[in-house]
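*Asks:* Sharing a model prediction with you, sequence too.
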Amino acid sequence: PMPAPVEPRQPMAAPLPPRQPMPAPVQPRQPTDWDWRARSREDALAYLNGKPPGTFVIRGSGNSFAALSMVKQDMTQYHMHIDQAPTGVYFRKSKQIFPDLVALLSHHSQPSQDGLPMPLTFS
(Lines give C-alpha, C1' and ligand atoms only; values in the text may rest on other atoms or scores of the structure.)
Protein backbone atom coordinates (compact mmCIF):
# COMPACT_ATOMS: atom_id res chain seq x y z
CA PRO A 1 0.00 0.00 0.00
CA MET A 2 1.02 3.54 -0.73
CA PRO A 3 1.65 5.90 2.22
CA ALA A 4 -0.98 8.59 2.67
CA PRO A 5 0.04 11.94 1.24
CA VAL A 6 1.35 14.36 3.84
CA GLU A 7 -0.73 17.52 4.05
CA PRO A 8 1.36 20.69 3.91
CA ARG A 9 1.43 22.38 7.32
CA GLN A 10 -0.79 25.41 7.57
CA PRO A 11 0.57 28.43 9.39
CA MET A 12 -1.04 28.79 12.80
CA ALA A 13 -3.78 31.36 12.99
CA ALA A 14 -3.06 34.40 15.10
CA PRO A 15 -4.49 33.99 18.58
CA LEU A 16 -7.84 35.69 19.15
CA PRO A 17 -7.72 38.86 21.22
CA PRO A 18 -8.96 38.36 24.78
CA ARG A 19 -12.72 38.66 25.06
CA GLN A 20 -13.88 41.85 26.64
CA PRO A 21 -16.34 41.27 29.49
CA MET A 22 -19.89 42.40 28.85
CA PRO A 23 -20.62 45.66 30.63
CA ALA A 24 -22.55 44.93 33.79
CA PRO A 25 -26.09 46.26 33.93
CA VAL A 26 -26.62 49.14 36.31
CA GLN A 27 -26.98 47.53 39.71
CA PRO A 28 -28.18 49.14 42.90
CA ARG A 29 -25.25 49.94 45.15
CA GLN A 30 -26.88 48.58 48.27
CA PRO A 31 -29.76 46.16 47.80
CA THR A 32 -30.86 46.90 51.36
CA ASP A 33 -31.69 50.46 50.27
CA TRP A 34 -34.83 49.18 48.58
CA ASP A 35 -35.47 45.81 50.26
CA TRP A 36 -38.07 46.55 52.93
CA ARG A 37 -39.67 43.10 52.93
CA ALA A 38 -38.86 42.64 56.63
CA ARG A 39 -40.54 45.92 57.57
CA SER A 40 -44.19 46.85 57.82
CA ARG A 41 -46.23 48.38 55.02
CA GLU A 42 -46.77 51.43 57.23
CA ASP A 43 -43.01 51.91 57.69
CA ALA A 44 -42.41 51.64 53.95
CA LEU A 45 -45.16 54.11 53.05
CA ALA A 46 -44.02 56.58 55.71
CA TYR A 47 -40.46 56.36 54.34
CA LEU A 48 -41.66 57.27 50.83
CA ASN A 49 -43.56 60.38 51.96
CA GLY A 50 -41.79 63.44 50.56
CA LYS A 51 -39.22 61.43 48.59
CA PRO A 52 -38.51 62.40 44.95
CA PRO A 53 -40.46 60.77 42.09
CA GLY A 54 -39.07 57.37 41.12
CA THR A 55 -38.05 56.51 44.70
CA PHE A 56 -39.26 53.02 45.62
CA VAL A 57 -39.10 50.18 48.09
CA ILE A 58 -39.97 46.49 47.84
CA ARG A 59 -42.11 45.66 50.86
CA GLY A 60 -43.77 42.59 52.23
CA SER A 61 -47.31 41.77 51.20
CA GLY A 62 -49.90 39.50 52.74
CA ASN A 63 -51.28 38.33 49.40
CA SER A 64 -48.25 38.17 47.09
CA PHE A 65 -44.51 37.40 47.14
CA ALA A 66 -43.79 41.12 47.67
CA ALA A 67 -45.07 44.52 46.59
CA LEU A 68 -43.51 47.56 44.96
CA SER A 69 -44.36 50.95 46.41
CA MET A 70 -43.07 53.99 44.53
CA VAL A 71 -43.47 57.75 44.33
CA LYS A 72 -45.04 58.96 41.08
CA GLN A 73 -44.33 62.23 39.26
CA ASP A 74 -47.32 63.89 41.01
CA MET A 75 -45.84 62.85 44.40
CA THR A 76 -48.59 60.29 45.05
CA GLN A 77 -47.70 56.67 45.79
CA TYR A 78 -48.21 53.77 43.41
CA HIS A 79 -48.29 50.10 44.41
CA MET A 80 -47.96 46.87 42.44
CA HIS A 81 -47.92 43.24 43.58
CA ILE A 82 -44.93 41.05 42.72
CA ASP A 83 -45.54 37.33 42.33
CA GLN A 84 -43.05 34.48 42.16
CA ALA A 85 -42.93 31.77 39.49
CA PRO A 86 -40.63 28.72 39.35
CA THR A 87 -38.39 30.67 36.93
CA GLY A 88 -38.36 34.08 38.63
CA VAL A 89 -40.47 37.05 39.69
CA TYR A 90 -42.93 39.31 37.88
CA PHE A 91 -45.36 42.16 38.37
CA ARG A 92 -48.82 40.64 38.66
CA LYS A 93 -50.18 43.00 35.97
CA SER A 94 -47.49 42.28 33.37
CA LYS A 95 -46.50 38.58 33.61
CA GLN A 96 -43.02 39.31 32.13
CA ILE A 97 -40.78 37.06 34.26
CA PHE A 98 -37.35 38.18 35.48
CA PRO A 99 -34.79 35.86 37.13
CA ASP A 100 -34.77 37.85 40.40
CA LEU A 101 -35.82 41.12 42.02
CA VAL A 102 -32.65 42.95 40.95
CA ALA A 103 -33.29 42.07 37.29
CA LEU A 104 -36.95 43.15 37.56
CA LEU A 105 -35.99 46.44 39.21
CA SER A 106 -33.07 47.12 36.85
CA HIS A 107 -35.36 46.64 33.84
CA HIS A 108 -37.95 49.00 35.30
CA SER A 109 -35.30 51.66 36.01
CA GLN A 110 -34.66 52.07 32.25
CA PRO A 111 -36.27 55.06 30.49
CA SER A 112 -37.76 52.64 27.93
CA GLN A 113 -39.68 50.62 30.53
CA ASP A 114 -43.44 50.76 30.11
CA GLY A 115 -44.80 48.74 33.05
CA LEU A 116 -44.76 51.51 35.66
CA PRO A 117 -45.90 55.16 35.70
CA MET A 118 -42.22 56.20 35.47
CA PRO A 119 -38.77 54.58 35.72
CA LEU A 120 -37.55 53.53 39.16
CA THR A 121 -34.63 55.45 40.65
CA PHE A 122 -31.95 53.64 42.65
CA SER A 123 -30.80 55.97 45.42
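*Replies:* Arrived safely.
*Asks:* Tell me which residues touch the residue nearest the centre of the chain, please.
*Replies:* A centroid search over the chain (C-alpha atoms, centre = their mean) returns A103, at 2.0 Å, as the residue closest to the centre. Listed by C-beta atoms under 8 Å, 6 or more residues apart in numbering, the contact partners of A103 are G88. In this view, the C-beta of every residue, glycine as well, is placed from N, C-alpha and C.
*Asks:* so it, which of the three states?
*Replies:* helix (DSSP: H, G, I helix; E, B strand; the rest coil).
*Asks:* Can you check the pLDDT for it?
*Replies:* A103 is assigned 95 on the pLDDT scale.
*Asks:* do the same with I97
*Replies:* Reported pLDDT for I97: 96.
*Asks:* any idea how far it is from G88?
*Replies:* 4 Å (C-beta to C-beta, to the nearest Å).
*Asks:* what residues does the strand ranked longest in the chain touch?
*Replies:* Ranked by residue count under DSSP state E, the longest strand found in the chain is strand 77-85. Strand 77-85 has contacts (C-beta under 8 Å, 6+ apart) with 45, 48, 58, 61, 63-72, 89-93, 97, 101, 104, 116-117.
*Asks:* got it, and stretch 105-119?
*Replies:* 25-28, 34, 53-54, 56, 58, 68, 70, 72-73, 78, 80, 91, 93-94, 96, 98, 120-122.
*Asks:* Where does pLDDT dip in the chain?
*Replies:* For the chain, the stretches with pLDDT under 70 are 1-32.
*Asks:* Show the residue spans covered by the helices in it.
*Replies:* 41-48, 101-107 (DSSP state H).
*Asks:* Just confirm K72 contacts T55, I think it does.
*Replies:* No: between K72 and T55 there is no contact under C-beta atoms under 8 Å: 10.1 Å.
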